[in-house]
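J.: what shape does this take:
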Amino acid sequence: MKKRILLISFDNWRKYQQSNSSDDLLFEVTKLDLIPDDLSFLRQLTVDVQLASTQVMKKSMQCNAIKPDYIVCCGMAARRTQLSVEAVAK
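T.: Numbering: from 1, shown residues only. Alright, predicted model coming up:
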């Protein structure tokens, strides 16, 4: 059975950024046809925690037909140089 996954990326949070690496990653994932699971995307989410939470809940409710089994937030801290899985996200 396919797992339903909601993938989330974030918008730029610094003026000098041309793009956000998490959103760049999800953009590339949208091009892949080899992924065995059902993917939904919520791209360029605001970096404001309260507003972002509201947007995720709204998207989840809109995706009632989807009912994701997992929600994966993709992001990268400003001082990091590589994307990695966030082990302690809340």
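J.: from here on, just use CA atoms for contacts and neighbour counts.
T.: OK.
J.: which strand or helix spans Arg79?
T.: Secondary structure from DSSP states H and E places Arg79 outside every helix and strand.
J.: what's the end-to-end length of stretch 33-48?
T.: End-to-end distance for stretch 33-48: 32 Å, by C-alpha to C-alpha, to the nearest Å.
J.: pull out the buried positions in it.
T.: Of all the residues in stretch 33-48, those buried under the rule 16 or more other C-alpha atoms under 10 Å are Leu39, Ser40, Phe41, Leu42, Arg43, Gln44, Leu45, Thr46.
J.: is the fifth one located within a helix, as I assumed?
T.: It refers to Arg43. No. Counting by DSSP: H, G, I helix; E, B strand; the rest coil, Arg43 falls outside a helix, being strand.
J.: helix, strand or coil for the nearest residue to it once chain neighbours are set aside?
T.: Distances taken as C-alpha to C-alpha, 6 or more residues apart in numbering put Ser9 closest to Arg43, at 4.8 Å, once the chain neighbours are dropped. Under three-state DSSP, the three-state class of Ser9 is strand.
J.: next structured bit after the helix or strand of the chain with the lowest mean pLDDT?
T.: When each helix and strand of the chain is scored by mean pLDDT, DSSP states H and E, helix 49-62 comes last, with a mean of 72. Moving toward the C-terminus from helix 49-62, the next helix or strand (DSSP H and E) is strand 70-73.
J.: so which bits of that following strand are buried?
T.: Of all the residues in strand 70-73, those buried under the rule 16+ other C-alpha under 10 Å are Ile71, Cys73.
J.: now do it: which elements does it pack against?
T.: strand 4-10 (3 or more C-alpha pairs under 8 Å, 6 or more residues apart in numbering; DSSP states H and E).
J.: which other helices and strands does the next helix or strand after the strand it packs on contact?
T.: Sequence order places helix 21-30 as the next helix or strand after strand 4-10, per DSSP H and E. Helices and strands touching helix 21-30, by 3+ C-alpha pairs under 8 Å, 6+ apart, are strand 4-10, strand 38-45.
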